[in-house]
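Participant: below are the sequence and a predicted model; questions follow.
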Amino acid sequence: MQVGLIGEDKDNAAWLAERLTRAGFRVRSINGLQKALRGGATDALAALVLDLAGNSPPGADCIAVLRRARASQPLLVLSARGDWREKVACLDAGADDYAIKPVRSEEIVARLHAIIRRGAGAHSNVLKLGDLALDLKARRAWVGSRCLDLTRNEFRLLSLFLLRSDQTLTGPEIRDHLYAPGALVSRNAVEVQIARLRRKVGEGRIKTIRGVGYRYLAQDERAQTSGCLLDRCCRASATGCEHEQECVRLCGQQTANG
């Protein structure tokens, strides 16, 4: 499995990456918090290690920034600061474990395995909403039994919708999630990504909230509308539906008599 190592001390990062590799991990080294916030930097990682030096910003602040950026993986903090208040602040901010340096590499490995096990028990790799299923580990998605052919950004956008299914996402939030800070993107880049994703998951599944943003719906809104018309028409007649042609056009199937 692959873990992310976030830190600015290159020598310590190289030492730790070598020890973790020996223990069987694949390591993605991320030089500093700002690089960790770039689009895709923490994707598909089983866990994160935040290596804090003595002159690093407060650990709780770093963790809060990571969590706001939707880095939801189990997080182990390694800190050169021995103050218990720092430890409590980091745990309250969202860290899953905290170790004070110096610490043996064997202990780091054991702590990593422990938080990954706990995370696997608390969070499934598969997100579901309605008939949509999304496997974060395999990076595959299905609507019903139909497997979706998604680009990298389409998958990331769809996963963001599911992770925040109870919220409306604004255009700037989506742009910041998909693109690195300072990246040159067109003004309508978000609209283009939304349009492409709609064509694959169903036009009525992503609702535009005018003046606010976008929201993913558990059911296709257009299909719901068509279903209501179909039901209304078929109940209106005991012998058949007088609007059958319109129902066929909207629903893609013939209505039953009665």
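Facilitator: Structure's in. What do you need?

Participant: how far is the helix or strand where residue 15 lies from where the chain is centred?
Facilitator: Taking DSSP states H and E as the criterion, residue 15 maps to helix 10-22. In terms of Cα atoms, centre = their mean, to the nearest Å, the centre of helix 10-22 is found 27 Å from the chain centre.

Participant: then that helix to PDB, C-alphas only?
Facilitator: Presented in PDB, the C-alpha positions along helix 10-22 are these (Å, rounded to 0.1, in the frame of the first residue of the first chain):
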ATOM      1  CA  LYS A  10      14.500  16.400   3.200                       C
ATOM      2  CA  ASP A  11      17.200  14.400   5.100                       C
ATOM      3  CA  ASN A  12      14.700  13.100   7.600                       C
ATOM      4  CA  ALA A  13      12.100  12.400   4.800                       C
ATOM      5  CA  ALA A  14      14.700  10.400   2.900                       C
ATOM      6  CA  TRP A  15      15.600   8.400   6.000                       C
ATOM      7  CA  LEU A  16      11.900   7.700   6.800                       C
ATOM      8  CA  ALA A  17      11.000   6.900   3.200                       C
ATOM      9  CA  GLU A  18      13.800   4.300   3.100                       C
ATOM     10  CA  ARG A  19      12.600   2.700   6.400                       C
ATOM     11  CA  LEU A  20       9.000   2.600   5.300                       C
ATOM     12  CA  THR A  21      10.000   1.100   1.900                       C
ATOM     13  CA  ARG A  22      11.900  -1.600   3.700                       C
END
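
Participant: quick one, domains of the chain?
Facilitator: Following automatic domain parsing, one gets these domains for the chain: 2-122, 126-216, 223-251.

Participant: now these as JSON lines including mean neighbour count and mean pLDDT?
Facilitator: All C-beta atoms are positioned from the backbone trio N, CA, C, and that covers glycine. Shown next, in JSON lines, are these (neighbours: other Cβ atoms under 10 Å; pLDDT from 0 to 100):
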{"stretch": "domain 2-122", "mean neighbour count": "17", "mean pLDDT": "86"}
{"stretch": "domain 126-216", "mean neighbour count": "15", "mean pLDDT": "89"}
{"stretch": "domain 223-251", "mean neighbour count": "14", "mean pLDDT": "42"}
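
Participant: give me the secondary structure label for residue 214.
Facilitator: Per DSSP: H, G, I helix; E, B strand; the rest coil, the secondary structure class of residue 214 is strand.

Participant: thought it was touching residue 173?
Facilitator: No: in this structure, residue 214 is not within contact of residue 173 by Cβ atoms under 8 Å, at 9.6 Å.

Participant: I'd assumed residue 186 was in contact with residue 192.
Facilitator: Yes: the criterion here is Cβ under 8 Å, and residue 192 meets it with residue 186 at 7.4 Å.
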